[in-house]
Structures are given as C-alpha cells and as structure tokens.
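Q: how would this look folded up:
(one chain, ligands or ions: 3)
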Amino acid sequence: MLHSWDAAAVRAAEQPLLAAGVPLMGRAAFALATHVARVLRDARGRVGGSRVALLVGSGNNGGDTLHAGALLARRGVQVTAVLTAARTHAGGLEALRAAHGRVVTALDDAAAEALAGDLARADVVLDGLLGIGGRGGVRGPGARLVAQLAALDAGARPLVVAVDVPSGVGVDDGTRTGDVLDADLTVTFGACKPALLLPPAAAAAGRVEVVDLGLHLTGRPAVVRLAAADVAGLWPVPGRDAHKYVRGVLGVVAGSARYPGAAVLQVSGAIGAGVGMVRYQGAAGPQVLAAHPEVVVGEGRVQAWVLGSGVAPDDDEQRARARDALEHALAHGEPAVVDAGALDLLPDRVPPHVVLTPHAGELAALLRDRGADVTRADVEAAPWAHARRAHELTGATVLLKGGTTVVVGPHGASYAQADGPPWLATAGAGDVLGGVLGALLAGRASQAAAEPTLPAALAAAAALVHGRAAHHANPGGPVSAGGVAAALPGAVAGLLRA
Ligand SMILES: NC(=O)C1=CN([C@@H]2O[C@H](COP(=O)(O)OP(=O)(O)OC[C@H]3O[C@@H](n4cnc5c(N)ncnc54)[C@H](OP(=O)(O)O)[C@@H]3O)[C@@H](O)[C@H]2O)[C@@H](O)CC1
Ligand SMILES: Nc1ncnc2c1ncn2[C@@H]1O[C@H](COP(=O)(O)OP(=O)(O)O)[C@@H](O)[C@H]1O
Ligand SMILES: [K+]
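A: Numbering: from 1, shown residues only. Ligands and ions are numbered 1, 2, ... in the order given. Coordinates of the predicted model:
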C-alpha cells in the first residue's frame, strides 16, 4: 500500500526535524544524486563524463537540485545549472560552485531560448523548478525551458528526473497547468505526494522513488494506492464450511434486448471473481444462461446488487427492475453497484455501501443533474475533485473509471489505482469491473454495510484485480472484455498467493 500526503502534512512533519537541526536537504540531495547516478549508469554505462543539466527555481526545490548537482560534479559529471529566478538557494549555489559546476542564468525568455541546444545535449535533466511550494503552472523563463524540452522528439530528449514532483502539477490535487516536463523518474522526499498517484498529473511522474527522510506522518493519508499484497486481506476467501449462500449471492440487473452482451460480461466478471451465485434479471436471460448455465434467472434473495450496465435509457422495463432493486437494496441495507443506465435512478442521498461506477462523461452528467456546471473535460482535468464532489453530493462511494481509476468514500477515504494496460480501454471492460466489484460486495455484504470506508477499499481492490487480469489476458497486447473476465480466476489466485 502506498500512502500519499499533501504538502501541508509534509511541511508539518518536517518542522520538528528541522528545528532539531536534522539536515533534511542534505539527505534529500544525497538520495537524489544517488538515483541520478544510477540512471546515468543504466543509460550510458558510466557516471563520470556524462552531462547533467539542472533547471533551478527560486525555492528549496532548486536547493535540493543544486546540492545534488554538486555531488554529481564531484563524481566527474559535467553539471550545468540553469538559474531561472533572480533568487536562488544560496547554500546550493555555493556548493555547486565549489564543486566546479557551471552556472548560467535564464532570467528572460531570450536567454532561455539561447540555452535550448545545451539542454538538448544533456544526458539527464533535473527538473528542480518547483516542489511542494509551487502554485499553478510554471511561470517565467522556467516555463520556456520546459516548453523547449517538451517539444523535442522522444528520441532526442534527455532523460528527465523530477525533483520531488514534476514542476507545474497541483501537488495536492493531481491537476496540471501549462507545459509539464514528463519525467522518466520522480525522486520524492519524505513521503509520496497525491500528484504522484492522481490523474492527470501522475502521468508526468514516471517511475516514483520515495526517499525516507525519517518524517513522522500521522492521520489519514490524502490518497492511497493498493498494492498486490493488499488484495488478500480484502478478498472474501471461502472457509472450509462455506456454502454458496454464505459466499454471497449477487443480483444482476444489467443488459437489455439491445445490449445483451453487457449482462453476459458482467456475470462473467462476477463469476470470474468468485461470487457464490448470480441471480440475473432482465431480457438477456437466454444469452446469460448460454454463457453461464450456473446462473439463476429471476428474482430471489441476494446479498448485493449490480445495476444499470447496458440498460438503455428507453428500456422502461429494465429500468423499472433496476429502480425496484435499488429501492430494495436501500430498504434492506444491501450493498449495490450503480452503473451507467442506473446512475440517473439514484435518490438524493444514499449510504456509502452504494458504489457508483461512472466514467468521466457519466460523472459529469451526474453532477449536472445535481446543479453543477460541469463538462466531461472538467472531470478529466480534475478527476479526484469531481469524484469527491459526487461523493459529497450523494453520500455514495464513487469509483471514477479511467486509465487511473479514482475511488472516493467517506471520512476522506481516497484511492488511485493504475493497474491496467491502456488496452483495457475496450468496450465492455467496465461491465466486467462492475461484476468483480459486485462479487466483492456480495462476499462481504454485512461488513460493507457496517464499515463506511470498506466499500471504497473493496472498489480499489476490484480495480486492481481487473487491471491485473487485463495484463494476464494477453501480456503486452490487445485484450477483449471477455478475455479479461476469463483471466480473472488466475489473476485472483496469483494475488491470494502474493
Ligand atoms: N523544508 C525542507 O527542509 C525540505 C524541503 N525540501 C524541498 O523543498 C521543496 C519546497 O521548497 P519551497 O517551499 O522553497 O518551495 P519550492 O517548491 O521550491 O518553490 C517555491 C518558490 O517558487 C516560486 N513559485 C511558486 N509558484 C511558482 C510558479 N507557478 N512559477 C514560478 N515560480 C513559482 C515561489 O516564489 P514566489 O513566486 O512566491 O515569489 C517560491 O519561492 C520541496 O518540494 C523539496 O524539494 C527537501 O529538501 C526536504 C527538506
Ligand atoms: N487508458 C486506460 N488504461 C487502462 N484502463 C483504462 C483506460 N481507459 C479506460 N480504462 C478502463 O477500462 C474500463 C472501461 O469502462 P467503461 O468506460 O465503463 O467502458 P464500457 O462501458 O465499454 O464497459 C474501466 O475499467 C476503465 O478504468
Ligand atoms: K520539481
């Protein structure tokens, strides 16, 4: 499990150590230089004689970068620091000069332009413009340098190491403003930051290395990422005395005459994840039974529900079933996944064991229905903020699907999972995910209804397993939604062994 902490929490945790004279910047710079040396050795076979350019902003982030540059210069690296502000960290500058590093300034756009060639010839560029003190996108000549580097062809671009965070990201909310230099590696200090986990900023971070500075961080982390090893603790694994009802029966109200495939895929997801039994309601019964003869078609007692996938807006009959099922779930405290065609059936307030699973467009529509002026693009630019808004407005746990899936529940529970390959962006993959999550909620129904933050953890686990199943289905290549469902049992088994 990877925890991330916002800038204020990190600063608060640094304070007592700084007051006690602990050399945090020295530790950060040493770790940064060590990582950069490793990058150079991997890329060029040696450290000495290689070229490193430092993009240096006005604050301590620039200070870290200059100190790391000084350490590299002492190992024979040709280091050039580009100062982008009138103010520069004095100790860092002195250290670099003492180590015979080269120092140039880019205090206006023309000077920044003139340095383009130098930067392009570097083996590695350290992005030390802004750290946790950054506000908005990079401004001034630093922005010009970033734009020049970003415009280089991938093959001609130096490797980029972001210092603490890629400059220009919203450290606490994962947004990005203006040009942000996509890093190959981010070396982050003291703790992971939300921007390194949340979309869209996390895409700029590359691989993330967290440097332990000995900070004592308390309270709830801002955003969590589950790791493979966390799944076994959340998964409902049957005991020796289990029977199908104990293991959980999932009611599925999905699909329609027009979209029978959604029902088939959702049921495949639930069965692949290990549900005890599925009861299906809807017009796709024959197709569901043809694919899964173990399914029971028709009404009956269930522990949890998944509602709305592949239910067309004009399918009055299936919408009525989904509405009835949702009312039943709410009246009896049964967890429910509410997807696609059932999202607009949601009452004003629901408990957190109701889990919404919209994609960005559906989340925008849900927020608009509640009076917010929001487009799909707004959601994509700030997915976490909008998922939180949807949770606040409805009370539901919200799983927002995307390349990185964001989950928000009560009491600040937030997850960001990036487990699937981009090949997973394929029709029907979301239906499979709904089935997986439904199976988890059915298997842990009473706990999910009693522990307000458990549905969010289960939703994150579902996203993780779904993503890994996509990797298993066809490593490195295209997958179908059905292929992902078929790979689920193996993916789950692998995770339970982990
Ligand atoms: N505390 C510690 O001991 C440790 C801290 N550590 C390191 O310190 C970093 C935090 O340092 P920090 O607080 O100095 O802020 P930092 O991110 O360098 O930049 C802020 C400066 O940039 C400016 N500025 C702001 N926005 C801007 C924009 N959009 N475009 C352009 N400029 C902008 C703003 O100036 P202003 O505009 O307000 O005049 C301000 O001066 C942290 O990320 C980590 O790397 C580690 O060494 C571990 C120990
Ligand atoms: N770029 C991507 N990389 C990895 N997974 C993705 C990407 N884009 C979408 N996904 C995943 O694919 C699934 C798509 O679901 P959804 O949008 O509901 O499609 P559908 O309605 O066709 O099932 C979600 O689980 C989502 O997280
Ligand atoms: K930075």
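Q: For the stretch 1-150 of the chain, which segments count as helices?
A: Remark: helices assigned in the stretch 1-150 of the chain by DSSP state H, counting those that start in this stretch are 7-19, 24-44, 60-73, 90-98, 109-114, 116-121, 141-151.
Q: Help me see whether the fourth one makes contact with ligand 1, please.
A: In other words, helix 90-98. No - Helix 90-98 stays clear of ligand 1 (Cβ under 6 Å from any ligand atom), getting no nearer than 9.6 Å. Quick note: C-beta positions are derived from backbone N, CA and C, even for glycine.
Q: and that helix with helix 24-44, angle?
A: Orientation check (axes from the mean of the first three to the mean of the last three Cα atoms, to 10 degrees): helix 90-98 against helix 24-44 gives 40 degrees.
Q: that older thread, could you identify which of the helices of the stretch 1-150 of the chain is most buried?
A: When these are scored by mean count of other Cβ atoms under 10 Å, the highest mean neighbour count falls to helix 60-73 (a mean of 27).
Q: by how many degrees do that helix and helix 141-151 diverge?
A: Orientation check (the same axes, to 10 degrees): helix 60-73 against helix 141-151 gives 60 degrees.
Q: Can you work out which other helices and strands pack against helix 60-73?
A: Helix 60-73 is packed against helix 24-44, strand 51-56, strand 78-83, helix 90-98, strand 124-128, strand 159-163, with contacts defined by 3 or more Cβ pairs under 8 Å, 6 or more residues apart in numbering; DSSP states H and E.
Q: starting at the chain centroid, how far to that helix?
A: Distance, stretch centre to chain centre, for helix 60-73: 29 Å (Cα atoms, centre = their mean, to the nearest Å).
Q: With stretch 56-75 instead?
A: In terms of Cα atoms, centre = their mean, the gap separating the centre of stretch 56-75 from the centre of its chain is 29 Å.
Q: close to ligand 1, is that stretch?
A: Yes - applying Cβ under 6 Å from any ligand atom, one finds stretch 56-75 in contact with ligand 1 at 57, 58, 59, 60, 61, 62, 64.
Q: How about the contacts made by the nearest residue to the third one once chain neighbours are set aside?
A: Meaning residue 59. Once flanking residues are discounted, residue 59 sits nearest to residue 133: 4.9 Å by Cβ to Cβ, 6 or more residues apart in numbering. By Cβ atoms under 8 Å, 6 or more residues apart in numbering, the residues touching residue 133 are 7, 59, 60, 61.
Q: need those residues in CSV with distance to residue 155 and pLDDT, can you?
A: Shown next, in CSV, are these (distance: Cβ to Cβ, whole Å; pLDDT from 0 to 100):
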residue, distance to residue 155, pLDDT
7, 35, 97
59, 33, 97
60, 34, 98
61, 28, 98
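Q: how close does the nearest residue to residue 1 once chain neighbours are set aside get to residue 495?
A: Spatially, and ignoring its direct neighbours in sequence, residue 1 is nearest to residue 230 (5.2 Å; Cβ to Cβ, 6+ apart). Here residue 230 is placed at a distance of 9 Å from residue 495 (Cβ to Cβ, to the nearest Å).
Q: Please apply the same query to residue 334.
A: 26 Å.
Q: So for these two, which residue has more residues nearby?
A: residue 334 (24 against 20; other Cβ atoms under 10 Å).
Q: Please report how far that one lies from residue 463.
A: Taken as Cβ to Cβ, the span from residue 334 to residue 463 is 22 Å.
Q: what's around residue 176, how many residues?
A: 21.
Q: which ones are touching it?
A: With contact taken as Cβ under 8 Å, 6+ apart, residue 176 is in contact with 137, 168, 169, 170, 200, 201, 204.
Q: Can you tell me which of the residues you listed has the most neighbours?
A: In the contacts of residue 176, the most neighbours by other Cβ under 10 Å go to residue 169, 30 neighbours.
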